[in-house]
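K.L.:
Compute the structure for the input listed below.
(2 chains)
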Amino acid sequence: DQQVKQNSPSLSVQEGRISILNCDYTNSMFDYFLWYKKYPAEGPTFLISISSIKDKNEDGRFTVFLNKSAKHLSLHIVPSQPGDSAVYFCAASAGTGKLIFGQGTTLQVKP
Amino acid sequence: SAVISQKPSRDICQRGTSLTIQCQVDSQVTMMFWYRQQPGQSLTLIATANQGSEATYESGFVIDKFPISRPNLTFSTLTVSNMSPEDSSIYLCSVLQGGQETQYFGPGTRLLVL
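P.N.:
Have a look, this model is predicted:
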């Protein structure tokens, strides 16, 4: 039973364009959502998060949108840069500190 | 955010042996966690390392296989016991500081079991 799903294993985007990474969840008890970026041979790096009481959070080039009724969140990166090429994980928490991760989406930004 | 280090960064081990991974944080943290990322897979929580008491394990993980210690608020160890090739993974510790909801991860330990 996968509670957090990232249905797109990979995404390729041209430099300067928008990257949109999607994530769906099934557990309505989740109240905090996070996006992490991971390079090979490194630990995940925190990017941005959103509480369930909000529907949008923005930090520089990164914006996360939350649609609670659809149990869906998305990460927008604008403009995309080649250095953004990495694996992106969404994660969800139900207030216990325990994170449930999606499978990850590999983003490739082409120059 | 806290600075987290792990030792070793990588190791190659023979089946049947055990490896202890250390996680050190530069400040006191409320909670520490251990995750595993198997090849091509997502991150899975192994256990929550509780300071001064036994760790809390997730379904599918047991103390005999993954004993954990947390002697203070800045340090924890995870031991992978009686290793088999299926234990080849990246092992990651993460921390949660008081009053926050964002977990920060260490650099990981790459383990290959032959």
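
K.L.:
Now do residue 50, the pLDDT please.
P.N.:
Chain wasn't specified; assuming chain A. In this model, A:I50 is scored at 96, pLDDT.

K.L.:
let's do chain B instead
P.N.:
So, for B:N50, pLDDT stands at 86.

K.L.:
A:F30: what's it in contact with?
P.N.:
The contact partners of A:F30, by Cβ atoms under 8 Å, 6 or more residues apart in numbering or on different chains, come to A:3, A:52, A:92-94, A:100. Quick note: C-beta positions are derived from backbone N, CA and C, even for glycine.

K.L.:
would you turn those residues into TSV with distance to chain B, secondary structure and neighbour count?
P.N.:
Formatted as TSV, these follow (distance: Cβ to the nearest Cβ, whole Å; DSSP: H, G, I helix; E, B strand; the rest coil; neighbours: other Cβ atoms under 10 Å in any protein chain shown):
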residue	distance to chain B	secondary structure	neighbour count
A:Q3	11	coil	16
A:S52	11	coil	17
A:A92	11	strand	24
A:S93	7	strand	21
A:A94	11	coil	16
A:I100	8	strand	20
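
K.L.:
Of the residues you listed, which is the nearest to A:L107?
P.N.:
A:A92 (19.7 Å; Cβ to Cβ).

K.L.:
Kindly provide the distance from the closest residue in space to that closest one that isn't next to it in sequence to chain B.
P.N.:
Spatially, and ignoring its direct neighbours in sequence, A:A92 is nearest to A:F30 (4.0 Å; Cβ to Cβ, 6 or more residues apart in numbering or on different chains). Per Cβ to the nearest Cβ, to the nearest Å, A:F30 is found 12 Å from chain B.

K.L.:
Can you tell me the SS state at B:G60?
P.N.:
coil (DSSP: H, G, I helix; E, B strand; the rest coil).

K.L.:
Neighbours of it, how many?
P.N.:
8 (other Cβ atoms under 10 Å in any protein chain shown).

K.L.:
Could you tell me how far it is located from B:L111?
P.N.:
18 Å (Cβ to Cβ, to the nearest Å).

K.L.:
ditto for A:D84
P.N.:
Taken as Cβ to Cβ, the span from A:D84 to B:L111 is 29 Å.
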